[in-house]
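# 3D model of this:
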Amino acid sequence: MPRLKNNGPNDQLTQLYRRYAGWLKRVVRKRFAAEDADDIVQETYLRISRLADENVVIHPKALLLKVARNTAIDRARRAGRGALALRLDCIEERELSLHSHQAEDLLLKQIILTMPLAYRDVFVLSRFSGLTYQEIAVRLGLSVKTVEWRMSKALGHCGRKLQGE
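Next up is the predicted model:
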């Protein structure tokens, strides 16, 4: 897990910039104001530089996207562009996380595979197949209440695993 250090041309922050700045600029241009992309990327790295020395970055792309999103929202608000600020506020975290590191996908798969099969079936049908609880109940031959109960157990399992249980 790389630590952010800001002490020379080969430090982790500089390496982070070299590795992801082009990617981040493309994402920012596509999702936010294209004319502000360079400024948003610069400000994103400035904000991240404040994390230097002691912090570990496990998912650099997710961190960069989150900070860039917040930077774009702050810039839009300061500039008084209410419509853009409103649009940026409505972007869901899930959309931003689609570009996050593959390690997150692997972690999710591992968590799902450790789930008891009864919970896993309900969770996968709901979250990945997009079925309603009623449709899941019919498909699995369960009551809707049982589907709700199993889903709550599955979500609890995910929460415990994410907290490091």
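# got the domain ranges for the protein?
12-100, 105-162 (automatic domain parsing).
# mean pLDDT and mean neighbour count added to the ones you listed, as JSON lines?
In this view, the C-beta of every residue, glycine as well, is placed from N, C-alpha and C. Converted to JSON lines, the domains of the chain look like this (pLDDT from 0 to 100; neighbours: other C-beta atoms under 10 Å):
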{"stretch": "domain 12-100", "mean pLDDT": "70", "mean neighbour count": "16"}
{"stretch": "domain 105-162", "mean pLDDT": "88", "mean neighbour count": "15"}
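# where do the strands sit along this protein?
Shown for the chain, no strands are assigned by DSSP state E.
# please enumerate the helices of it.
Ranges of helices within the chain are 12-31, 37-49, 60-79, 82-89, 93-97, 102-114, 117-127, 133-140, 144-162, based on DSSP state H.
# for the first one, what is the distance to the chain centroid?
Right, helix 12-31. 16 Å (C-alpha atoms, centre = their mean, to the nearest Å).
# what angle sits between that helix and helix 37-49?
140 degrees (axes from the mean of the first three to the mean of the last three C-alpha atoms, to 10 degrees).
# helix 12-31 vs helix 60-79, what angle?
Using the same axes, to 10 degrees, helix 12-31 lies at 60 degrees relative to helix 60-79.
# CA-only coordinates of helix 12-31 in CSV, if you can.
What follows is helix 12-31, C-alpha atoms only, in CSV (Å, rounded to 0.1, in the frame of the first residue of the first chain):
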residue,chain,number,x,y,z
GLN,A,12,4.6,8.9,-4.3
LEU,A,13,2.5,12.0,-5.0
THR,A,14,4.5,12.8,-8.1
GLN,A,15,4.2,9.1,-9.2
LEU,A,16,0.5,9.2,-8.6
TYR,A,17,0.3,12.3,-10.7
ARG,A,18,2.4,10.8,-13.5
ARG,A,19,0.4,7.6,-13.5
TYR,A,20,-3.2,9.0,-13.3
ALA,A,21,-3.3,12.7,-14.4
GLY,A,22,-4.1,11.9,-18.0
TRP,A,23,-6.8,9.4,-17.1
LEU,A,24,-8.3,11.8,-14.6
LYS,A,25,-8.3,14.7,-17.1
ARG,A,26,-10.2,12.5,-19.6
VAL,A,27,-12.8,11.5,-17.0
VAL,A,28,-13.2,15.1,-15.8
ARG,A,29,-13.7,16.4,-19.3
LYS,A,30,-16.3,13.8,-20.0
ARG,A,31,-18.3,14.2,-16.7
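# thank you, goodbye.
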